[in-house]
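A.B. asks: coords please:
(chains A and B)
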Amino acid sequence: MSVTTINDVEFGEELPVFDPDTSLENVIRFTEAAGWRGSRFTDHAAARKEGLPGALVPGIMSQGFLAAMIHRWAPTAIITNVDTIFRAPVIVDDVYHINGVITDVDLDAGTVEVDLTVTNEKAETRVFGTAAVQLPT
Amino acid sequence: MFGQQSNPVILDLHTHSIKSDDGRAKVQNYCQWIRNRELPIDGFVLTEHRQFDLESDYSSLAKSFDLCILKGAEVETEYGHVLVFGVTEALMGEFDFSSIHLPLAQVIEAAARHHAVPVPCHPGRKRVGMSAHLAEFGIPDGVRIVEIYNGGSRDQEDTIAQAMATEHNYLGIGGSDAHIVSHVGRCATRFPGQIRDERELVEALNAGEFEALTFRDAA
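C.D. replies: Below is the predicted model:
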């Protein structure tokens, strides 16, 4: 169920889990659209030659996934800030899950804070952060 | 004052708030989260990066939520990061908490003089964990306790920490290393008796009667 106003939101509420498409095809589409054609994002072998574990999902693409997740949950939301901390690389073609949960609600201001976590299949946190979101009152 | 502790007491010994440069959690929201999710912990210790937060007073929050909220620090040495429990203003005069190049021996010696307890944290982690530096610097003197469960651990980091603790006969604690609200309480430490302030925490750590816990599988 999607959220439309601040009154629909409760502290501790979990956003629907979002599994981002980190396939090489999708990452190539993103890098071409963004004008980033670095082989570390689009070629596993080239990335490994740089000492990376594989091709990387660009950080701004991960942030885009986070924003997309929030808008699937609350299409009317205005995301005023997404603050991410990258603890480990997000690798192309690996499976990830994005979890979000409401950790602060200001009914008067119409704002919520969302904890965001990108985990791999071993439940290890690769990226975490918070988003500040404005919702209609 | 934190009043009605269960017996035994379970504390998350490693958390960060917005006082840390990479912390994103407000302390009040940690409290709300613990009660909202009915987490099996009685409180937590704020171990801010490279500082001891003298200013903040969380006593009213602690009372409101009936939680134990204590303060420590996480400092940086050539052996990686080290939690310090029982920080006093006198201890803060012994070394520069903001330095990222503290000698571990200096931290351990100063802590001993001021009845504080140093605990290398996430010791199985590359670069910022103690095990990564043993080959270069040798086994440090004076380490008694290390963190063997860290809520932010990846790959084999906790396994490495536990193996190191077993090999060197270190005691082990657990802490979530939470930087965001929803990560608090993922790992913790169980103590047999009451802990109401930093002095009692130091006494309990020195007594050596505690057990590291992980709740990550339950999260």
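A.B. asks: close to chain B: what parts of chain A are there?
C.D. replies: Residues of chain A found near chain B (C-beta under 8 Å from any C-beta of the partner chain) are A:11-12, A:83, A:85, A:87-88, A:101, A:103-104, A:113, A:115, A:117, A:122-125, A:128-130. The C-beta positions use only the backbone N, C-alpha and C, and glycine is treated the same way.
A.B. asks: sort out for me which of those residues are in strands.
C.D. replies: Of the residues of chain A next to chain B, the ones assigned to strands by DSSP state E are A:83, A:85, A:101, A:103-104, A:113, A:115, A:117, A:125, A:128-130.
A.B. asks: stretch B:173-180 and chain A, are they touching?
C.D. replies: Yes - residues of stretch B:173-180 are located near chain A by C-beta under 8 Å from any C-beta, namely B:179-180.
A.B. asks: where does pLDDT dip in chain B?
C.D. replies: By pLDDT under 70, the weakly predicted segments of chain B are B:1-6, B:218-219.
A.B. asks: list the contacts of whichever residue of it sits closest to chain A.
C.D. replies: Nearest residue of chain B to chain A: B:Val181, at 3.8 Å (C-beta to the nearest C-beta). By C-beta atoms under 8 Å, 6 or more residues apart in numbering or on different chains, the contact set of B:Val181 is A:103-104, A:115, B:24-26, B:29-30, B:32-33.
A.B. asks: so where's the longest helix in the chain?
C.D. replies: With no chain named, the answer covers chain A. The residue-count maximum for a helix in chain A (DSSP state H) belongs to helix A:59-73.
A.B. asks: wrong one, chain B
C.D. replies: helix B:157-168.
A.B. asks: the very next helix or strand once past it - contacts with which helices or strands?
C.D. replies: Next along the chain after helix B:157-168, taking DSSP states H and E as the criterion, comes strand B:171-175. The helices and strands touching strand B:171-175, judged by 3 or more C-beta pairs under 8 Å, 6 or more residues apart in numbering or on different chains; DSSP states H and E, are strand B:9-15, strand B:145-150, helix B:157-168, strand B:187-191, strand B:211-214.
A.B. asks: what comes up buried for strand B:171-175?
C.D. replies: Buried positions in strand B:171-175, judged by neighbour count with 16 or more other C-beta atoms under 10 Å in any protein chain shown: B:171-175.
A.B. asks: what sits up against it?
C.D. replies: Contacts of strand B:171-175 (C-beta under 8 Å, 6+ apart): B:12-15, B:45, B:47, B:83, B:119, B:121, B:144-151, B:161-162, B:165, B:187-189, B:205, B:208, B:210, B:212-214.
A.B. asks: tell me which residues touch the spatially most central residue of chain A, please.
C.D. replies: Nearest to the geometric centre of chain A sits A:Leu66, at 2.4 Å (C-alpha atoms, centre = their mean). If you count contacts by C-beta under 8 Å, 6+ apart, A:Leu66 has them with A:82, A:84, A:98, A:100, A:116, A:118, A:129, A:131.
A.B. asks: tell me, how many residues neighbour the nearest residue to the fourth one once chain neighbours are set aside?
C.D. replies: In this case it means A:Gly100. Of all residues not flanking A:Gly100 in the chain, A:Leu15 sits nearest, at 3.6 Å (C-beta to C-beta, 6 or more residues apart in numbering or on different chains). By other C-beta atoms under 10 Å in any protein chain shown, the residues close to A:Leu15 number 19.
A.B. asks: from the contacts of B:Val181, which land in helices?
C.D. replies: Taking DSSP H as the definition of helices, these contribute B:29-30, B:32-33.
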